[in-house]
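J.: Pasting the sequence and the predicted coordinates here, then a few questions.
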Amino acid sequence: MSAGNVQKLCETTKEKLKSAIEKLEQFLNENSIPQLAPDNNEETLQFYKGFLSDLRHLLVFSEVSAEKLGIALRRANFDTDFAEKALYNVYHHCVNNFFYPKSESYSEDGRYAYTGQDAIRFRVKPVRPVRDIILDITKVYEELRDDLTYYESDYLTERRMHNQRSHA
């Protein structure tokens, strides 16, 4: 991919991450387990503990990735290798952590992706703010997944081939 295309992709990716970060921070600052699960039901408590933990991890991964993209964009000479590695990390840390949360509090059901219905299915019926935050940021991470699919596998293959050529 040309340096100009990589630079543009870094800019749009950083903006999308910033949008998700703002929403995640606001949600995490305004919500706690006692608010989300006032009934103290053990299954519900475990669901929200896992859910909040996953969102905190997603927030950190997104912040770190946005910062690395910012570094790539601020450099006097644009370093395409550094930028591509940063984009690769966005895909593998942010996108994957959104769509495959560790606690499995929700998952994507691909059967709904093209029907206009929400493709996210929750393990436990969530309270409205939880449902809203996930549906709100789903679009951002879907766009990032679409934008960065190249970095899922092609980037690594290209890096391996480059390393093999330089060691030959």
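T.: In hand now; what should we look at? Numbering: from 1, shown residues only.
J.: can you pull the buried residues of stretch 98-114?
T.: Residues of stretch 98-114 classed as buried: Phe98, Phe99, Pro101, Ser103, Ser105, Tyr106, Glu108 (neighbour count, 16 or more other Cβ atoms under 10 Å). Glycine gets a C-beta too; all of them are placed from N, C-alpha and C.
J.: before we move on, what about stretch 76-84?
T.: Buried residues in stretch 76-84 (16+ other Cβ under 10 Å): Thr80, Phe82, Ala83, Glu84.
J.: which residues of the protein score low on pLDDT?
T.: 1, 110-117, 153-168 (pLDDT under 70).
J.: Do a quick rundown of the helices in the protein.
T.: 3-30, 33-36, 42-74, 80-89, 96-99, 128-147, 150-167 (DSSP state H).
J.: name the helices or strands packed onto the first one?
T.: Translated: helix 3-30. helix 42-74, helix 80-89, helix 128-147 (3 or more Cβ pairs under 8 Å, 6 or more residues apart in numbering; DSSP states H and E).
J.: hang on, Arg121 packs against Tyr106?
T.: Yes: here Arg121 reaches Tyr106: they are 6.4 Å apart, a contact under Cβ atoms under 8 Å.
J.: Now list whatever residues contact both of those two.
T.: With contacts defined as Cβ atoms under 8 Å, 6 or more residues apart in numbering, no residue is shared by Arg121 and Tyr106.
J.: got the contact list for Ser105?
T.: Ser105 touches Phe47, Gly50, Phe51, Asp54, Phe122, Arg123, Val124, counting by Cβ under 8 Å, 6+ apart.
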